[in-house]
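# Structure for the following, please:
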Amino acid sequence: MPAPNFALAQASPSAITLTTPDWIVLGCYGALLVLTGIYFSRRGAKGVRDYFLAERSMPAWAVAFSILATAQSAATFIGVPERSYVGDLTYLAASLGPLIAALLVSAFFLPRYYRAGVASPYELLENRFGPGARTATSWAYLLGRLLGSGARTYIGALPLSLAVYGDATLPHVLVSIGAIMLVGTVYTLAGGVRSVIWTDVLQVCVYLGAGVAALAFLLSIVPAPLDAVLDALRTAGPDGADKLRVVDPGIRFAPEVTIARGAPYSILASITGLMLLNLAVMAIDQDLVQRCLTCRDHLHAARSVIISQLLGVPVVLLFLAIGLLLFVYYQRPDLMGVSAPAASAPASKDIFQTFILSRMPPGLRGLMIAGVLAIGPIGINATLNSMASTLMNDTVLRVRGSSGPASDLRASRLLVVACGVTLAGVACLCAWWQQHSKLPLLDFAQAVLAFAYTGLLGVFLCALFTRRGSTRSAITAMLAAAGLCVLVQPFVLANLRRFVSSLPSPFAYADAALAWAGAWAFSWHFVAGTAVAFAICLAGSTPPGRRR
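Next up is the predicted model:
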């Protein structure tokens, strides 16, 4: 198997070296981050509950900003412009799924968590299915969070490597991943979730400021009037397609009625697969649930979840607009007032970070790097906190019991370090994985969540809305959903098809079935995986004393 190619930009390293004004901006951001962390962690955590839940004292608006920072990532900063650069604005319509998911979480999940007084959602499953189910689901979450955050850390390391070294070769990407995890781990050790949430508020402001500045700069360098740019974009897609299209229904009516299986962000995919993805992230992902549980009650928590999703819509539109203007800059010299493109366009997945580092002026370039760091690498502290919380509450305390507040707090911090080391290793794995999956960065960052979250969601839906299920059926359901997601990976399907094609002709039907399975976009994997997990979990019989 050939080694992945990590070269990102066609510009020379000297063209993308950070200058003194850039380092000054980054230094100011780093100093502000440190001072903020010191200020909000100055009183220190009094115990595990304070360290992980902030004694349920956080305001809803701050938690909303923190959820936004956690739900989005460097994949948003870099991957969303890529979507509109190569396609159109249909990713914006995918915001419908998260909004529906937020309403469902607010109505059905958060009230149950607050009534039960849990520190993690997996405690509920112990009441329904037994302690084995709680342990299994908490470890399934850890797998899902490692994969999801590993992908985001890798994506965040790409522009960091390009900024520091002038390239993104494998050794430099690995060093960048190590630096990200070192900073994130040390920062997480200091103040617990209270410090994380307030730092997230600062980071969202920096992230959005960088996005607005990028859009303003692109508008300033495109000489064509805005109405001319919009008119051109209406026919600038492949075969004259409209790059301003927002809605793709996901159903084709000619020559016959069919589902657009390969469209991951259609309306149909949004209200099914993407809704289930976001339901899993908001309802059973400890990374986000932990933030919700820092609010005073479930009503404040619900408000924070809904506000975060409403805020996400204009943020996505901002970065989609950046991608369209990057298309104009690199692909439409007529709109730029020249006879040939101003610069050779890099690969689509590298488009925004290459533009930032090779075309933006000093100072502004530093602000853009700060924006990537704010929403991605530095934000890893939230993930480490939630992973350590899950391990502490659902494994350590249940195995050995509490040894006192001080001892438990030391153990929690050791778990943070262990999670940081493990996450760094998974991020390195994702560097190889994304290259061979051939998925765009944004799609890859979301698709990897299916391995753990489809099974988790199916089990939770069975636990909350039926009186069926058992420890054995829950564990079997999660394993089956994960196996299904492995099976539909492009490189797995390709190898299976090569094997099947070498078999006698009766197996041609198997090859056709594999080809059919490979035609479905990643968002549909959440539908299939959740349905399989729900059905298998439903087959188990819950003891009468646990049917609640």
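
# mind listing what's buried in whatever helix or strand residue 399 lives in?
Per DSSP states H and E, residue 399 falls inside helix 397-400. Residues of helix 397-400 classed as buried: residue 397 (neighbour count, 16 or more other CB atoms under 10 Å). (C-beta placed from N, C-alpha, C; glycine too.)

# Residue 412 contacts residue 390, correct?
No: using CB atoms under 8 Å, residue 412 makes no contact with residue 390, being 10.9 Å away.

# Need phi/psi at residue 346.
Main-chain torsions, residue 346, degrees, to the nearest 10: phi -70, psi 180.

# Now do the strands in the protein.
Using DSSP state E, the strands of the chain run over 251-252, 258-259.

# Redo those strands as CSV? Include mean pLDDT.
Output for these, formatted as CSV (pLDDT from 0 to 100):
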stretch, mean pLDDT
strand 251-252, 82
strand 258-259, 83
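
# Please identify the most buried of the ones you listed.
Most buried of these by mean neighbour count (mean count of other CB atoms under 10 Å) is strand 251-252; its value is a mean of 14.

# who does it touch, helix- and strand-wise?
Applying 3 or more CB pairs under 8 Å, 6 or more residues apart in numbering; DSSP states H and E, one finds that strand 251-252 contacts strand 258-259.

# Could I get the full set of helices for the stretch 201-350 of the chain?
226-233, 267-269, 275-284, 286-292, 298-331, 333-336 (DSSP state H, counting those that start in this stretch).

# can you tell me which of those helices comes nearest to residue 106?
Using CB to CB as the measure, helix 298-331 is the one of the helices of the stretch 201-350 of the chain that comes nearest residue 106, at 3.4 Å.

# Contact partners for the closest residue in space to residue 83 that isn't next to it in sequence?
Ranked by CB to CB, 6 or more residues apart in numbering and with sequence neighbours excluded, the top spatial neighbour of residue 83 is residue 91, at 4.8 Å. For residue 91, the contact set (CB atoms under 8 Å, 6 or more residues apart in numbering) comprises 80, 83, 84, 265, 316, 320, 442.

# Against residue 413, how distant is residue 91?
As defined by CB to CB, to the nearest Å, residue 91 lies at a distance of 39 Å from residue 413.

# Same question for residue 491.
Counting by CB to CB, the gap from residue 491 to residue 413 is 38 Å.

# same deal with residue 427?
Residue 427 is 21 Å from residue 413, by CB to CB.

# more crowded one of the two?
Set side by side, residue 427 and residue 413 show more neighbours around residue 427, with 28 against 19, by other CB atoms under 10 Å.

# contacting residues for the residue nearest to residue 100 when sequence neighbours are not counted?
Distances taken as CB to CB, 6+ apart place residue 275 nearest to residue 100, at 5.0 Å, with adjacent residues excluded. By CB under 8 Å, 6+ apart, the contact set of residue 275 is 96, 97, 98, 100, 101.

# Now render those as TSV, adding neighbour count, pLDDT and distance to residue 311.
Putting the contacts of residue 275 into TSV (neighbours: other CB atoms under 10 Å; pLDDT from 0 to 100; distance: CB to CB, whole Å) gives the following:
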residue	neighbour count	pLDDT	distance to residue 311
96	16	91	15
97	25	91	16
98	25	91	11
100	18	94	16
101	24	94	15
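
# Let me know the closest of those residues to residue 76.
Among these, residue 98 lies closest to residue 76 (CB to CB), at 12.4 Å.

# Settle this for me: the closest one is touching residue 274, isn't it.
Yes: when contacts are counted by CB under 8 Å, residue 98 is listed as touching residue 274 (7.3 Å).

# Low-confidence bits of the stretch 1-150 of the chain, can you list those?
1-17, 37, 40-55 (pLDDT under 70).

# Swap in 80 and give it another go.
Low-confidence segments of the stretch 1-150 of the chain (pLDDT under 80): 1-18, 30, 33-57, 69-75, 118-120.

# where exactly do the helices run in it?
Ranges of helices in the stretch 1-150 of the chain, per DSSP H, counting those that start in this stretch, are 20-41, 48-53, 60-71, 74, 80-86, 90-93, 96-104, 110-116, 122-129, 131-165.

# closest one to residue 178 among these?
For the helices of the stretch 1-150 of the chain, proximity to residue 178 was assessed by CB to CB; helix 131-165 is nearest, at 9.0 Å.

# between the closest one and helix 60-71, how big is the angle?
70 degrees (axes from the mean of the first three to the mean of the last three CA atoms, to 10 degrees).

# residues of helix 131-165 that come out buried?
So helix 131-165, judged by 16+ other CB under 10 Å, has buried residues 133-163, 165.

# And for stretch 210-228?
Buried residues in stretch 210-228 (16+ other CB under 10 Å): 210, 211, 214, 217, 218, 222, 224.

# for stretch 173-181, same thing?
Of the residues in stretch 173-181, 173, 174, 175, 176, 177, 179, 180, 181 count as buried by neighbour count, 16+ other CB under 10 Å.

# Settle this for me: the fifth one is touching residue 425, isn't it.
No: the pair residue 177 and residue 425 fails to qualify as a contact (CB under 8 Å) at a distance of 9.1 Å.

# what about residue 415, distance to residue 293?
As judged by CB to CB, residue 415 and residue 293 stand 18 Å apart.

# higher neighbour count, these two?
Taking other CB under 10 Å, residue 415 and residue 293 do not tie; residue 293 has more neighbours (26 against 20).
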